[in-house]
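>>> Output the structure for:
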Amino acid sequence: MSTRGKIGIGTALGLVWAMGVLSVGGAVVTLPVFTLMPTIMTAFLAPGLVMLAMVGRIAQRRFFDETLIDGGPATGAAETDGRVLQNTVEQLVLALAIWPAAAVLLAGKGPGLIMTLGVAFVIARLVFWIGYHRSPLLRAFGFAATFCPTALVAIWAIWNAATGFQ
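Down below sits the predicted model:
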């Protein structure tokens, strides 16, 4: 199968994952509404820890590579890890901009939903990281499984705010 085919399959699976995440987070995981603010404030801990691990891995690579330790350009696995970190920063900024508002706009579903998004983010980013090193299909799945839940929860929250339909 071609790389494009693998990426297409991975992306489609990531979209299915996203719909599952929103279904579980919106219906199965329930937390009292009064926990909304503490939940928003802690939902980003696990994604932050994944990013911390990525930064640490890059630092470790730099320490043990004579070219990198002197500020030389990253190549090979170190360059790949840098790309993964860059995309993770982009995804986390999107999440920080969207998830809190979505949690508020989706009222009764908000606390459980945002916690589910945080856990799903971690799983998707780890798959993306592994996939970037090993498999285009896993890389595409990890990207889509991170991006699509954020995009879909934004659409859902806007729809809910405009129509009052949850």
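>>> rest of the way, CA atoms for contacts and neighbours
Noted.
>>> Which other helices and strands does the lengthiest helix in the chain contact?
Using DSSP state H to define each element, the chain has its longest helix at helix 76-105. Packing contacts for helix 76-105, counted by 3 or more C-alpha pairs under 8 Å, 6 or more residues apart in numbering; DSSP states H and E, involve helix 36-42, helix 45-63, helix 110-134, helix 136-163.
>>> now with 7 Å?
helix 45-63, helix 110-134, helix 136-163 (3 or more C-alpha pairs under 7 Å, 6 or more residues apart in numbering; DSSP states H and E).
>>> Give me the mean pLDDT for the second one.
Within the predicted structure, the mean pLDDT of helix 110-134 is 91.
>>> What is that helix packed up against?
helix 3-23, helix 36-42, helix 45-63, helix 76-105, helix 136-163.
>>> quick one: low-confidence ranges for the chain?
26-34, 72, 165-166 (pLDDT under 70).
>>> the residue most distant from the middle of it, which is it?
Most distant residue from the mean C-alpha position of the chain: Glu66, 32.4 Å away (C-alpha atoms, centre = their mean).
>>> got the helices and strands packed on helix 76-105 as TSV, with distance to Ile9 and mean neighbour count columns?
Shown next, in TSV, are these (distance: least, C-alpha to C-alpha, whole Å; neighbours: other C-alpha atoms under 10 Å):
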stretch	distance to Ile9	mean neighbour count
helix 45-63	25	16
helix 110-134	13	22
helix 136-163	7	21
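>>> Distance from the chain centre to stretch 108-122, please.
Mean C-alpha position of stretch 108-122 versus that of the full chain (C-alpha atoms, centre = their mean, to the nearest Å) differs by 11 Å.
>>> Next up, phi/psi of Asp65, please.
The phi/psi pair for Asp65 (degrees, to the nearest 10) reads phi -120, psi 120.
>>> swap in Phe44?
phi -90, psi 0.
>>> Can you report how many residues lie near Gln18?
No, residue 18 isn't Gln; it's Ala. 24 (other C-alpha atoms under 10 Å).
>>> now swap in the one 4 residues further on and tell me
For Leu22, the tally of surrounding residues (other C-alpha under 10 Å) stands at 23.
>>> shift numbering so it begins at 3
With 3 as the first residue, the last one maps to Leu24.
>>> Could you pull up the residues touching it?
Residues near Leu24 by C-alpha atoms under 7 Å, 6 or more residues apart in numbering: 115, 151.
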